[in-house]
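Enquirer: Quick one, fold the following:
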Amino acid sequence: MKTLTSTLLAAQKKPHRLPYVEAKVYDYEAGIKRLSWTRVYEGSEPDNHHGIAFDGQGSMHRIRSGGSSTLLYQKQTLPFGVPATFPLTFPVSLVDGPTLDQWTLIATDCYGPCAIAAYGAKVYIFYRLNEPNQLNKLYSHDYGQSWNNAQLASYDEVVSLAACWWGTGSNVVCLALKGSYPAKLNGIVLNTSNQGTSQYEWYDGTHPLLDTYGIGATFNPFWPAMEIVLAGKESDTPYNHYDLFRTKFSSSYSFLALESFLMSPDGEDITYEYPDCHLPAGAQDYETNRIVAVEKFVGTTAYTRPSTCHMVKGTYWSDTTFTEPRPFLDVSPSFGLRIVSTADYWWLSKPDGVWRAPRPSEPPLDLSKDIVSLQTNVIASPDSSGRGNLIISLDNSKGQYVLSGQGGLASLKKRSEVVLKLGYKTTAGDEAVEAGTYWVDSWEYSSEPNVSRFSLTCLDSWGLMDRWSARYQMRWNKNEVSPKSVWQILYQILARAGIKLTNTPPQPQSSAINNFYPDFTVNPGTQGDTAIKRLLSFVPDMLVFRGQEAFTKNPLASESSCYSYGTDRNILKGEYSRATTPSRVRAIGRDGDANRIVKDAFDWDLLKLGIDILEQDYDPNLQTVTRAQERADALLRTQQTQQTPATLIIPTNVGQELLDVITVTDKRCSISEENYRVQTIQTNYDRRKGRYDQTLTLGAP
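Expert: The predicted structure follows:
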């Protein structure tokens, strides 16, 4: 149960209660601000390797490989102005700066790959020379006014470069990626104070790369470390595949093992290329590391399409918790997009284009004063009987909900987040606790004489998972490399929709959820909720969503009650029944030598009554007696807890949570201090009817 203040707990038990409900809308995606990109430059430059960086004065520095051994450069001062004239004409000129189609020839010995990084007055450009085995550097310590040219390092077969400043110190890192088997990555650390360098070459033997297709990096001061994304073709069995990988370059100059987060099998004609990533300096709570990359298809209907994703809020780069990559701009950047940020904007760049999106978050839209009625349905597991959602009906008598996308309604868009709080007016004022995060799925206007309504229908987290489907086959534990438990697989699947799986505060967990490593496959087109329910069928644990996070809980029969109804808490209506569940469950597996394993779980009370209802489950993943017994126990326990022998209608308890154990006393039905477990919570509020109650569907404790 959620923690309530003493004043809120007392207020909700009073015979005369005054409800308080609050709903605010954010233009967020699971707690992370959605970006709205505007193109500020459109030119005609040919696509090629390129880069973008900003110095300490806020000036923009861009480079591009121009072909014929040329490297071109431009500096744009004060790039935060508005276009000088409307309507826009291209190329666009920004206030106080030259047009973005003006380039200066800065080198005549560049052979493709190049990268740029800046900090303070220092600007560093790295590029591959025409001659083999050499990388060069161009560097300026006066904001790009004057330049020096020198060799950076001897390193051959480089096909991609990325550069990033190491925090606020003197070091800048050039990451050089080779393109032939076995493809290798070299972290070249350059001390800009004395121009000394050190090289740290590395490759991951568990992920042998036949070829590579681009690299990007950003600095995270938390570790501190460089967070890196790269594209490559992995040699694998039964087929090779094209992937986006993540790794990390630590302060001890070592790399984290590669892990794929986007994959396409060889033969499907899809590759992922030229990724980049960026974490803003001084990132706010609603910001995280963002990734951009190119998806290329070379079939009959060929395309080149940029995609983006981001880290799930509150997770770590090493967790590989990225949202599902998706298309986001109608352009075709063969060499990808580069992404950076300044204090006010996110920026994207390619040779013939520059985009920006505001960084600061807009204030939320507060719906609270206009709420006429609402209904929430919170469920432990969706099934044919329904799904969780939120429906809010708003008073629109003043025409305030005209969706123009301007002003105060700018946050109200499809899939905007609605944070709902439920509470009461107490002696301490208006008090409420968070009752869930929902996502706008549809809206409706309605009218009748003297009445105008605007209604929102919103998805819960189960709804988000239902709308997500696997883009490609996802498989865990096909071999013994980097095994993942049920909990860890669930962690990855939820991340695709931006949901963080957590165990804070700690909840009881089964041994199986952390120690069972199934060979688990999610095939293309499989919906997220289907995959999750199948995964949870292996364990007794259940899933509860809380805001933009989720946790698992093993519903132990020994769990203590956290709240009582029917004594000092009124029951408006109660219905109680008894259902017959399976009396035994059999789990069947095979050990490493293909010997059959059979383990049973029994409900002896039912068996003594002569009730023999058997359920069986065969799974070759059950390779030990322990795992087989856990499965049998889990299936029997799930059958018992998911029955619904009781329903209560009560005045709203704003602290009630799914899977809580509660005690019920209803003398009208001879129910005395019986324990139940909460399976669903439906909340109804209607200020016109003075209604504020909840319907609890209960199961065995």
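
Enquirer: what about S260, distance to D660?
Expert: To D660, S260 is 39 Å away according to CB to CB, to the nearest Å. C-betas here are computed from N, CA, C, even on glycine.

Enquirer: So between these two, which is more surrounded?
Expert: D660 (24 against 18; other CB atoms under 10 Å).

Enquirer: The more buried one and F219: what is the separation?
Expert: For D660, the distance to F219 - CB to CB - is 43 Å.

Enquirer: Kindly report the same for T626.
Expert: Applying CB to CB to T626 and F219 gives a distance of 45 Å.

Enquirer: More neighbours: which of these two?
Expert: Taking neighbours as other CB under 10 Å, T626 and F219 compare with F219 leading, 23 against 15.

Enquirer: Isn't that one up against C164?
Expert: Yes. Applying CB atoms under 8 Å, one finds F219 in contact with C164, separated by 5.4 Å.

Enquirer: Common neighbours of the two, please.
Expert: Contact with both F219 and C164 is made by residues M226, according to CB atoms under 8 Å, 6 or more residues apart in numbering.

Enquirer: Quick one: low-confidence residue ranges for the stretch 201-350 of the chain.
Expert: Within the stretch 201-350 of the chain, no stretch falls below the threshold (pLDDT under 70).

Enquirer: swap the cut-off to 90 and go again
Expert: 237-238 (pLDDT under 90).

Enquirer: Run through the strands of it in chain order.
Expert: Per DSSP state E, counting those that start in this stretch, the stretch 201-350 of the chain carries strands over the ranges 209-220, 225-234, 241-250, 259-265, 270-278, 290-297, 303-310, 326-327, 338-341, 345-350.

Enquirer: looking at these, which is closest to V522?
Expert: strand 259-265 (12.0 Å; CB to CB).

Enquirer: mind listing what's buried in that closest one?
Expert: 259-264 (16 or more other CB atoms under 10 Å).

Enquirer: Give me the distance from it to the chain's centre.
Expert: 16 Å (CA atoms, centre = their mean, to the nearest Å).

Enquirer: just the helices in the stretch 401-550 of the chain please.
Expert: Secondary structure of the stretch 401-550 of the chain (DSSP state H, counting those that start in this stretch): helices at 461-467, 486-495, 511-515, 528-536.

Enquirer: Excluding residues flanking it in the chain, which one is nearest S511?
Expert: E630 (6.5 Å; CB to CB, 6 or more residues apart in numbering).

Enquirer: would you say that neighbour is within a helix?
Expert: Yes. The assignment for E630 (DSSP: H, G, I helix; E, B strand; the rest coil) places it in a helix.

Enquirer: what about R534, how many neighbours?
Expert: 12.

Enquirer: how near is it to P518?
Expert: R534 is 10 Å from P518, by CB to CB.

Enquirer: ok, now A601?
Expert: 19 Å.

Enquirer: ok so, going back, quick one: contacts for the residue nearest to S511?
Expert: 510-512, 516, 539.

Enquirer: Recalculate using a threshold of 10 Å.
Expert: 510-513, 515-516, 538-540, 587, 599, 601, 622, 624 (CB atoms under 10 Å, 6 or more residues apart in numbering).

Enquirer: Scan those residues and report the most crowded one.
Expert: Result: V539 is most packed of the contacts of E630 (other CB under 10 Å), 29 neighbours.

Enquirer: gap between it and F516?
Expert: 7 Å.

Enquirer: what residues do those two have in common as contacts?
Expert: Taking CB under 10 Å, 6+ apart as the criterion, V539 and F516 both touch 485-487, 510, 630-631, 634.

Enquirer: residue contacts, Y424?
Expert: 4, 7-14, 17-21, 430-432, 651-652, 654, 692.

Enquirer: give me the beta-bridge partners of it?
Expert: Beta-bridge pairing for Y424 (DSSP bridges): P19, E431.

Enquirer: if I look at it, how far off is L636?
Expert: On the measure of CB to CB, Y424 and L636 end up 40 Å apart.

Enquirer: I'd say A628 and D591 touch.
Expert: Yes. Under the criterion of CB atoms under 10 Å, A628 makes contact with D591 at 9.5 Å.

Enquirer: more neighbours, the two?
Expert: Neighbour count, other CB under 10 Å: between A628 and D591, A628 has more, with 24 against 13.

Enquirer: residues contacting that one?
Expert: 586-591, 597-600, 617, 619, 621-622.

Enquirer: If you count neighbours, what's buried in stretch 414-424?
Expert: So stretch 414-424, judged by 16+ other CB under 10 Å, has buried residues 416-424.

Enquirer: can you check stretch 481-496 too?
Expert: Those would be 485-496, for stretch 481-496 by 16+ other CB under 10 Å.

Enquirer: Now do T70 against A107, distance only.
Expert: Counting by CB to CB - T70 and A107 are separated by 7 Å.

Enquirer: L607 now?
Expert: 83 Å.

Enquirer: More neighbours: which of these two?
Expert: Using other CB under 10 Å as the criterion, L607 and A107 rank with A107 on top: 21 against 13.

Enquirer: Ramachandran coordinates for that one?
Expert: The phi and psi values for A107, taken as degrees, to the nearest 10, are phi -160, psi 150.

Enquirer: Check whether it really touches R64, as I assumed.
Expert: No. Counting by CB under 10 Å, A107 sits too far from R64 to count as a contact (11.5 Å).

Enquirer: what do these two both touch?
Expert: 70-73, 114.

Enquirer: any idea which of these is the one closest to E201?
Expert: Distances from E201 to the shared contacts of A107 and R64, taken by CB to CB, are shortest for C114, at 20.2 Å.

Enquirer: Now do the phi/psi pair for the residue nearest to that closest one when sequence neighbours are not counted.
Expert: Closest residue in space to C114, ignoring its immediate chain neighbours: Y127 at 4.1 Å, by CB to CB, 6+ apart. Per-residue torsions, Y127: phi -160, psi 160 (degrees, to the nearest 10).
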